[in-house]
Every structure is written in C-alpha cells, then in structure tokens.
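> coords below, sequence missing:
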C-alpha cells in the first residue's frame, strides 16, 4: 500500500478528515508501536481482552477499538492506501 492515485486522493483526504480522535490515535499507535502492522495490534488488543500479556492499554474501549480497526483496514484495503501516510504522527 502507498499513497492513493491522484483520482483517489480527494476521497482519501476527506475520509481522513472525518476520522474520530480514537481512530487517529489508533493509526498513530499502529505506526509507532507496531511498525504499521494491524494484525500485531489486533493480537495485542485481543490478548488484553483475554487477560494475557499485552503491550499497551487503551482505557476500557478495546472492543470499540477493534471495531474501529476493522473500519480503517477495510478502507485501506478498498482504497489501496496506508492511512498513516495521510496523518501527522507527531503530536
């Protein structure tokens, strides 16, 4: 995945602009803690839900975060982009 083709650019940027704060945080965490890997991030959250060792804690919203991850993954897959290319990872 990479940056969208020019004809997709506007749609991707509009999608990114509508991201919730939580979705934005998930994209940043995926880049910073999981080297861009959704699967590792989801496995970590599921481990937290099951009481196994985990890397980080996202308050009490794990199930909601897993749903958000699915939404973001679907958009990336359908658009052929990496949404992290469209957000600032620096605060």
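Cool, the structure landed. Predicted, not measured: the structure shown is a model, and the values here were computed from it.
> Do a quick rundown of the helices in the chain.
With helices called from DSSP state H, the chain shows them at 6-17, 21-34, 38-49, 62-79.
> Contact partners for the residue nearest the centre of the chain?
Among the residues of the chain, the one closest to the centroid is residue 27, at 3.5 Å (Cα atoms, centre = their mean). Residues near residue 27 by Cβ atoms under 8 Å, 6 or more residues apart in numbering: 19, 72, 83-84, 87. C-beta coordinates here come from the backbone N, C-alpha and C atoms, glycine included.
> my read: residue 87 touches residue 16, true?
Yes: between residue 87 and residue 16 there is a contact under Cβ atoms under 8 Å: 6.3 Å.
> just to revisit the earlier point, columns mean pLDDT on top of the helices of the chain, output as CSV?
Supplementary listing: the helices of the chain in CSV, determined by pLDDT from 0 to 100:
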stretch, mean pLDDT
helix 6-17, 87
helix 21-34, 91
helix 38-49, 89
helix 62-79, 91
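> gap between the residue nearest to the centre of the chain and residue 71?
The spacing between residue 27 and residue 71, counted by Cβ to Cβ, to the nearest Å, is 11 Å.
> Then residue 23?
7 Å.
> So the two - more neighbours on which side?
The residue with more neighbours, out of residue 23 and residue 71, is residue 23; 20 against 13, by other Cβ atoms under 10 Å.
> Correct me if wrong: the more buried one contacts residue 65.
No: using Cβ under 8 Å as the test, residue 23 is too far from residue 65 to be in contact (9.0 Å).
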